[in-house]
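In: The sequence and its predicted three-dimensional model are supplied below.
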Amino acid sequence: CAFFRFNSMSGVSTFHLSEWQKNYFAVTSGTCPPEQKADSYRAHLLGINYAWGNSEISEVCAANLFRKYSEKYSAIIDSDNVESGLNNYAGSALSLARGQPNSSDKWQSSLTVDNVFKLSCVQMMMQAGEKNKKCSLLPEDAHLVVGEEVCASQTPAKLNVGDGNLQAVLTKCANTKMNGTPAPKPFQQASLPTATKLTTSCTSPSSLNSAPPQKGFQGTPLFLNSEMPSPNLGFSSAASGIGSPSVSQFGHGQKVTFPNHLPGSSSCGNSLKRKAFYGSSDATGGTSSSRPYQSRSYNSEPPCFSRNEESSMSSFKTAKEQLWVDQQKKFNNQPQRAPATSLYGGVKKSLGAGRSRGLFGKFVPPVPRQDNGDEYGGSASKPHGYSSSDADAALPVDERLKNLEPKMIELIMNEIMDHGAPVNWEDIAGLEFAKATIKEIVVWPMLRPDIFTGLRGPPKGILLFGPPGTGKTLIGKCIACQSGATFFSISASSLTSKWVGEGEKMVRALFAVARCHQPAVIFIDEIDSLLSQRVDGEHDSSRRIKTEFLVQLDGAATSSEDRILVVGATNRPQEIDEAARRRLVKRLYIPLPEASARKQIVVNLMSREKSCLSDDELELVIQRSTGFSGADMTQLCREAALGPIRSIPIMDISSITPDQVRPIAYVDFDSAFLTVRPSVSTKDLELYENWNTAFGCGR
Ligand SMILES: Nc1ncnc2c1ncn2[C@@H]1O[C@H](COP(=O)(O)OP(=O)(O)OP(=O)(O)O)[C@@H](O)[C@H]1O
Ligand SMILES: [Mg+2]
């Protein structure tokens with residue numbers, strides 16, 4: 001970090017210093033995924049570049065740092081370890097290259113030995129061979145590609161077809177750079193029918209290329225498959241027009257394809273060579289520029305079949321093509337980078353390091369992940385104003401959202417917006433004053449914004465306070481269902497704990513998104529934990545959240561156009577900051593239910609069950625439940641409802657039908673009173689009453 005010490009000392013780049021620290025933490029924490037590590041290393045490299053570009057570090061220092069972090073970066077990018085590397089998506093291609101069993105083995109080629117001989121070019125050659133008994137080919141055409149191997153024939157190759165002994169003289173490639181005497185290697189054709197013998201010679205890698213592979217590839221490449229490097233990379237071929245590993249050219253532009261999976265087609269030790277190549281390239285830990293086969297740009301011509309041959313073999317797919325087709329089928333509806341088309345129509349896939357994305361680009365796996373294919377976690381509600389089809393396109397289009405982090409907006413859209421289970425005003429027992437006030441503030445202004453203007457304009461903040469279990473959250477749910485507004489339900493604790501350090505951004509994003517979805521209600525349960533009184537020594541982040549919230553609340557309150565209502569609920573009103581209290585202008589006390597409300601709760605709940613409670617018994621229950629909250633009343637009814645079940649003998653419980661269960665009776669309430677007690681103490685109740693007298697808006 002020498003140069004960053006320098007940086008920070010000179011005060012030039014404290015930003016970069018903190019970035020460096022962040023990234024350093026990411027790579028040393030041991031918990032972050034390889035993508036994040038790779039991104040961090042790339043950011044390191046960017047930082048080094050920046051420092052060097054500004055002459056803040058010497059060239060030697062930059063080179064050292066570059067080497068160090070390039071190696072670390074490559075170690076992740078090029079590793080196919082599922083846990084620590086990023087190259088595992090290319091596993092199938094790698095296993096193919098290594099000669100391991102691969103699903104492509106099952107793919108069938110439509111090209112059979114029989115139809116090879118129906119190809120016009122082969123027919124022509126056979127006829128020519130018959131006529132001349134000898135077919136002289138131009139030296140530069142003498143490349144025969146069988147399977148995925150290029151064979152340059154040193155000695156005349158013989159193509160024996162039945163009795164007509166066609167002797168295709170495949171002369172040595174006129175490669176002026178090819179040195180040494182090629183060691184002919186017999187071409188294996190073990191499983192070809194005896195009547196159909198294809199005999200040629202295949203030069204070994206060493207004989208093909210005694211000089212080491214050259215980076216500066218000139219001329220048309222023999223291999224156009226960017227991920228199938230071969231020793232031939234090094235030599236400059238004059239065999240222009242040879243386009244595919246599986247295409248062979250027989251003079252005069254005639255081409256013949258020998259399928260990769262032709263029985264007995266020679267592999268010519270391909271897998272070994274490839275393995276060796278991968279081994280060496282991995283060892284170098286090369287970046288994009290160090291891989292000769294990655295950065296080359298090849299012809300963009302379509303596959304090198306002549307048209308009629310192409311159509312006759314249209315059903316044939318190379319392994320790579322098939323892989324691409326399979327992927328397309330699999331991830332049909334998911335965003336995917338369009339593959340670069342290689343010369344023969346396959347997928348140009350880079351293995352590992354982002355050859356095309358550049359050193360400082362974000363890592364984008366070429367194969368979409370199954371787990372997060374859906375950017376919105378499978379949620380049906382996608383952010384309004386966002387393109388849903390592509391993660392990259394998920395950029396805010398609304399002006400008001402443009403400075404916000406898309407991730408935050410997404411979190412709000414996906415996690416906060418909540419329409420909840422339907423709750424009606426009638427479901428809330430008692431609380432007539434609170435319900436009427438809320439209807440006046442929330443529902444009517446939403447319905448008739450033209451009437452509720454000026455002084456009649458609704459308040460922008462409501463506080464519902466009262467003992468626990470009295471229906472504050474229930475009212476919130478009811479507002480969500482009945483107001484017709486976009487409802488954002490967020491618990492304050494999730495703002496303060498779930499997104500530590502990001503809380504104020506979340507608050508900002510919350511209001512910005514709400515502004516885009518007006519009319520909107522933001523319901524904040526447990527608002528005391530968000531807006532508790534500011535005290536000395538409290539954590540910086542919670543203070544920032546509070547300040548941001550007050551600012552946003554002020555903005556919503558002062559802007560007459562904004563139709564955003566904040567509804568807070570708390571059972572600790574005394575802990576709310578006075579500045580917040582002032583902004584939540586309507587402070588409604590939600591008290592313990594009165595006798596009539598308790599009766600309504602019991603009647604409501606009993607109406608859904610079989611019960612035989614007389615009016616007198618019901619009155620008795622209501623009397624005995626003085627001091628119970630709505631939640632306590634619900635609990636009492638639940639306990640009583642279990643009474644008839646408890647009275648069934650244990651051996652009958654498995655066989656009894658629902659009709660045989662006796663109705664709920666007073667005796668069950670009697671026993672329920674033994675276990676259910678009021679949850680709010682009279683002392684606590686006093687506190688609420690006092691606070692209501694001091695700050696409440698009730699009558
Ligand atoms: N007035 C009411 N009418 C009908 N049911 C009620 C009422 N009050 C409470 N309940 C019952 O109690 C349960 C809990 O109520 P709720 O969650 O609204 O309480 P709360 O006031 O938000 O409590 P807390 O302050 O602890 O969050 C409700 O699901 C409902 O079943
Ligand atoms: Mg609640």
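Out: Cool, the structure landed. Ligands and ions are numbered 1, 2, ... in the order given.
In: what does this structure put close to ligand 1?
Out: Contact residues, the chain versus ligand 1 (CB under 6 Å from any ligand atom): 428-431, 468-474, 569, 571, 593, 597, 601, 630-631, 634. Where you see a C-beta, it was placed from the backbone N, CA and C, and this is true even at glycine.
In: make it 8 Å
Out: Listed as neighbours of ligand 1 in the chain under the rule CB under 8 Å from any ligand atom: 427-431, 464, 466-477, 525-526, 569-571, 590, 593, 597, 600-601, 604, 629-631, 633-634.
In: what's the spacing between Leu553 and Pro649?
Out: Separation of Leu553 from Pro649 (CB to CB, to the nearest Å): 60 Å.
In: which of those two has more neighbours?
Out: It is Leu553, of Leu553 and Pro649, that has more neighbours when counted by other CB atoms under 10 Å, with 24 against 7.
In: where's the more buried one, which helix or strand?
Out: helix 540-558 (DSSP states H and E).
In: Show me what that helix is packed against.
Out: In terms of contacts (3 or more CB pairs under 8 Å, 6 or more residues apart in numbering; DSSP states H and E), helix 540-558 is packed against strand 461-465, helix 503-516, strand 564-570, helix 578-583.
In: Pull the contacting residues for the closest residue to ligand 2 within the chain.
Out: The minimum distance from the chain to ligand 2, using CB to the ion, falls at Thr473 (3.3 Å). Applying CB atoms under 8 Å, 6 or more residues apart in numbering to Thr473 gives the contacts 525, 569.
In: hmm, back to that, quick check: which of the helices and strands packed on helix 540-558 is nearest to Ile622?
Out: Proximity to Ile622 (CB to CB) singles out strand 461-465 among these, at 24.5 Å.
In: Any residue of that closest one touching ligand 2?
Out: No: Strand 461-465 lies out of reach of ligand 2 by CB under 5 Å from the ion, never closer than 8.8 Å.
In: re earlier: lowest average confidence across the helices and strands packed on helix 540-558, which one?
Out: Lowest mean pLDDT of the helices and strands packed on helix 540-558: helix 503-516, a mean of 83.
In: and it with helix 540-558, angle?
Out: Going by axes from the mean of the first three to the mean of the last three CA atoms, to 10 degrees, helix 503-516 is angled at 20 degrees with respect to helix 540-558.
In: Please write out the alpha-carbon positions of helix 503-516 in CSV.
Out: C-alpha atoms of helix 503-516 as CSV (Å, rounded to 0.1, in the frame of the first residue of the first chain):
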residue,chain,number,x,y,z
GLY,A,503,-30.1,3.2,6.5
GLU,A,504,-30.2,6.9,5.4
LYS,A,505,-29.9,5.9,1.8
MET,A,506,-32.8,3.5,2.3
VAL,A,507,-34.9,6.3,3.8
ARG,A,508,-34.1,8.6,0.9
ALA,A,509,-34.9,5.8,-1.6
LEU,A,510,-38.1,5.0,0.2
PHE,A,511,-39.4,8.5,-0.1
ALA,A,512,-38.2,8.9,-3.7
VAL,A,513,-40.0,5.7,-4.7
ALA,A,514,-43.1,6.7,-2.8
ARG,A,515,-43.1,10.0,-4.6
CYS,A,516,-43.1,8.1,-7.9
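In: now for it, which elements pack on it?
Out: Helix 503-516 packs on helix 406-411, strand 486-491, strand 520-525, helix 540-558, strand 564-570, going by 3+ CB pairs under 8 Å, 6+ apart.
In: avg pLDDT for the longest one?
Out: In this case it means helix 540-558. Mean per-residue pLDDT for helix 540-558: 78.
In: can you tell me how far Ser30 sits from ligand 1?
Out: One thing to correct before we go on: residue 30 is Gly, not Ser. 39 Å (CB to the nearest ligand atom, to the nearest Å).
In: got it, and Pro459?
Out: In terms of CB to the nearest ligand atom, Pro459 sits 21 Å off from ligand 1.
In: Confirm that that residue sits in a helix.
Out: No: looking at Pro459 with DSSP: H, G, I helix; E, B strand; the rest coil, it is coil, so not inside a helix.
In: and it, what does it touch?
Out: Residues counted as contacts of Pro459 (CB under 8 Å, 6+ apart) are 441, 557, 565, 585-586.
In: Neighbour-wise, give me the winner out of these.
Out: Within the contacts of Pro459, Leu565 tops the neighbour count with 26 neighbours, counted by other CB under 10 Å.
In: Report how many residues lie close to Val667.
Out: Neighbour count of Val667, defined by other CB under 10 Å: 13.
In: Now the helix or strand where the residue of the chain closest to ligand 2 lies: average pLDDT?
Out: Under the criterion of DSSP H and E, Thr473 resides in helix 472-482. Averaging pLDDT along helix 472-482 yields 85.
In: quick check: angle from it to strand 520-525?
Out: Helix 472-482 runs at 160 degrees relative to strand 520-525, counting by the same axes, to 10 degrees.
In: For Asp670, give me the pLDDT.
Out: Per-residue confidence (pLDDT) for Asp670: 93.
In: List the buried residues in whichever strand or helix holds it.
Out: Element membership of Asp670 [criterion: DSSP H and E] is helix 666-675. Judged by neighbour count using 16 or more other CB atoms under 10 Å, the buried positions of helix 666-675 are 666, 668-669, 672-673.
In: Please apply the same query to stretch 442-452.
Out: 442-443, 445-446, 452.
In: For Asp427, give me phi and psi.
Out: Listed backbone geometry of Asp427 is phi -70, psi -20, with angles given as degrees, to the nearest 10.
In: domain ranges for this structure?
Out: With domains defined by automatic domain parsing, the chain comprises 2-77, 107-316, 425-589, 595-679.
In: now the nearest residue to Gly476 once chain neighbours are set aside: how far from Gly461?
Out: Nearest residue to Gly476, sequence neighbours excluded (CB to CB, 6 or more residues apart in numbering): Phe523, at 4.3 Å. Going from Phe523 to Gly461 by CB to CB gives 12 Å.
In: just Trp20 next, same as before
Out: Trp20 is 43 Å from Gly461, by CB to CB.
In: Over to Arg67?
Out: Applying CB to CB to Arg67 and Gly461 gives a distance of 59 Å.
In: Comparing these two, which residue is more hemmed in?
Out: For Arg67 versus Gly461, the count of surrounding residues by other CB under 10 Å is larger for Gly461: 24 against 11.
In: which ones are touching that one?
Out: Counting by CB under 8 Å, 6+ apart, Gly461 makes contact with 553, 556-557, 565-568, 583-586.
In: Next, show the common contact partners of Phe523 and Gly461.
Out: By CB under 8 Å, 6+ apart, Phe523 and Gly461 have these common neighbours: 567-568.
In: how about stretch 511-531: buried residues?
Out: Within stretch 511-531, the residues scored as buried using 16+ other CB under 10 Å are 511-517, 519-531.
In: Asn81: how many residues sit nearby?
Out: The burial count for Asn81: 12, using other CB under 10 Å.
In: same question but for Ser607, I mixed them up
Out: Neighbour count of Ser607, defined by other CB under 10 Å: 8.
In: Would you mind confirming that the residue nearest to Gly476 is in contact with Thr486?
Out: No: using CB atoms under 8 Å as the test, Phe523 is too far from Thr486 to be in contact (11.2 Å).
In: and the helices and strands packed on helix 503-516, which is most packed in?
Out: A comparison of the helices and strands packed on helix 503-516 by mean neighbour count, using mean count of other CB atoms under 10 Å, puts strand 564-570 on top with a mean of 27.
In: mind listing what that one pairs with, with the direction of each?
Out: Under the criterion DSSP bridges, strand 564-570 sits next to strand 461-465 (parallel), strand 520-525 (parallel) in its sheet.
In: could you give the mean pLDDT of the longest one?
Out: Over the span of strand 520-525, the pLDDT mean works out to 88.
In: Fine by me, we can end here.
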